[in-house]
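A.B. asks: with the input below, show me the fold.
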Amino acid sequence: MTPRVEEISAGVYAYVQPDGGWWINNTGFLAGRRGVISIDACSTEGRTCAYREAIAKVSDRPITTLVNTHHHGDHTFGNHLFPEATIVAHERTREQIIADGVPSYLGAWSSDVEWGTLDPTPPFLTYTEGVTLYSDDLRCEVRHVGFAAHTTNDSFVWIPSRGVLFAGDLVFNGGTPFVLMGSVEGALSALDQLEALGAETIVPGHGDVCGPSAIAAVRGYLRFVQESAEAGMAAGLSPLELARQLDLGEYGGLVDPERIVGNLHRAYADASGGEVDLTAAVLDMITLNGGRPLTCHA
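C.D. replies: This next block holds a predicted model:
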């Protein structure tokens with residue numbers, strides 16, 4: 001499916017990549033008179049080059065700034081293809097990109113993904129709480145949520161005068177939310193932060209541009225994960241055993257439903273104060289996927 005550019009406010013664009021599944025993220029950009037601010041890169045060399053070509057069709061100005069909303073490779077693997085830009089992110093985003101390099105867990109996904117050149121490139125301008133950027137006179141507030149949520153280093157980009165929010169992976173629309181590397185409770189608290197902004201237009205990390213109702217949908221799923229984990233732990237079930245028994249109900253039609261077992265691993269760890277075994281969680285997602293590599297159309 002072909003990515004598309006949507007002008008969601010004057011000079012503010014969402015770059016939406018269907019179907020929003022594994023490694024197929026959304027980005028966005030602000031086209032000013034003197035330059036372009038990009039919000040996130042893409043997962044593969046080909047997808048990031050296509051994104052840059054889409055920007056060039058809107059603006060002939062240089063890309064001066066690239067904001068990473070968090071460290072995951074679908075939002076950062078393309079960083080090295082923005083050599084002219086100042087790459088900006090939370091300090092933990094930088095730390096995690098450096099620590100991960102090219103992650104070994106890429107083998108969990110379909111082997112026919114054409115990643116292209118992978119040259120992990122961390123941000124070189126970092127913040128602890130946030131930073132304010134301007135596209136001409138348009139104020140853009142980049143803010144870290146302050147705790148683990150989708151990951152340990154999530155930020156969002158809020159444009160208050162336009163009611164526009166680039167939520168990163170704090171919001172999924174039509175795809176299964178994923179908090180394996182963050183916190184279920186933290187993700188719920190982050191949603192409260194986002195909701196309090198009063199955004200009218202939300203660009204989620206994955207899925208179509210949406211309104212505030214998407215926040216409520218993600219909240220409902222995460223509460224379902226929490227409640228299911230509590231019952232599963234009380235019954236002495238492992239995350240995989242519980243996932244095999246669960247009726248996902250209204251959430252069964254979301255893209256990548258096998259993420260439920262990864263989310264349960266996180267919920268179990270949150271409740272017990274323990275650590276998540278990422279390898280075990282990924283293997284359980286593969287098992288729940290019928291023993292097949294996880295689907296990726298990147």
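A.B. asks: stretch 229-241: which residues count as buried?
C.D. replies: Buried residues in stretch 229-241, counting neighbours by 16 or more other Cβ atoms under 10 Å, are found at 229, 232, 233, 237, 238, 239, 240. Where C-beta positions appear, they are placed from N, C-alpha and C, glycine not excepted.
A.B. asks: out of these, list just those in helices.
C.D. replies: Assignment to helices by DSSP state H places the following of these there: 229, 232, 233, 239, 240.
A.B. asks: including pLDDT and distance to residue 65, could the buried residues of stretch 229-241 go into CSV?
C.D. replies: Formatted as CSV, the entries for those read as follows, by pLDDT from 0 to 100; distance: Cβ to Cβ, whole Å:
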residue, pLDDT, distance to residue 65
229, 98, 39
232, 98, 44
233, 98, 44
237, 98, 47
238, 98, 45
239, 98, 40
240, 98, 43
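A.B. asks: give me the nearest residue to residue 69, chain neighbours excluded.
C.D. replies: residue 168 (3.1 Å; Cβ to Cβ, 6 or more residues apart in numbering).
A.B. asks: rewinding a little: looking at the buried residues of stretch 229-241, which one is closest to residue 136?
C.D. replies: residue 229 (46.8 Å; Cβ to Cβ).
A.B. asks: number of nearby residues for the residue nearest to the closest one when sequence neighbours are not counted?
C.D. replies: With Cβ to Cβ, 6+ apart as the measure, residue 267 is the residue that lies nearest to residue 229, at 3.5 Å, once sequence neighbours are left out. Using other Cβ atoms under 10 Å, residue 267 has 27 neighbouring residues.
A.B. asks: okay, and residue 267 sits in which element?
C.D. replies: Following DSSP states H and E, the helix or strand that holds residue 267 is helix 259-272.
A.B. asks: so which bits of stretch 160-180 are buried?
C.D. replies: Within stretch 160-180, the residues that count as buried by 16+ other Cβ under 10 Å are 162-180.
A.B. asks: circling back to that earlier point, and the gap between the residue nearest to residue 69 and residue 149?
C.D. replies: Applying Cβ to Cβ, to the nearest Å, the value for residue 168 to residue 149 is 9 Å.
A.B. asks: now do residue 258
C.D. replies: Between residue 258 and residue 149 the distance is 21 Å, computed by Cβ to Cβ.
A.B. asks: do the same with residue 295
C.D. replies: Between residue 295 and residue 149 the distance, using Cβ to Cβ, works out to 25 Å.
A.B. asks: ok, the two, which is more surrounded?
C.D. replies: When neighbours are counted by other Cβ under 10 Å, residue 149 comes out ahead of the other of residue 295 and residue 149, with 27 against 15.
A.B. asks: please tell me I have it right and that one contacts residue 181.
C.D. replies: No. Contact criterion Cβ atoms under 8 Å: residue 149 and residue 181 do not qualify, at 9.9 Å.
A.B. asks: returning to that earlier point: what about the buried residues of stretch 160-180, which are in strands?
C.D. replies: Under the assignment DSSP state E, the buried residues of stretch 160-180 contribute 164, 165, 166, 167, 168, 169, 170, 171, 172 to strands.
A.B. asks: need the phi and psi values for the residue lying closest to residue 212 once chain neighbours are set aside.
C.D. replies: The shortest distance from residue 212 to any residue other than its chain neighbours is 6.2 Å, reached at residue 199 (Cβ to Cβ, 6+ apart). According to degrees, to the nearest 10, the main-chain angles of residue 199 amount to phi -60, psi 140.
A.B. asks: cool, and the one 5 residues further on?
C.D. replies: Dihedral angles phi and psi of residue 204 (degrees, to the nearest 10) take the values phi -80, psi 160.
A.B. asks: any idea how far residue 282 is from the closest residue to residue 101 other than its chain neighbours?
C.D. replies: The shortest distance from residue 101 to any non-neighbouring residue, by Cβ to Cβ, 6+ apart, is to residue 120 (5.5 Å). Note on residue 120: its distance to residue 282, by Cβ to Cβ, is 19 Å.
A.B. asks: all set, thanks.
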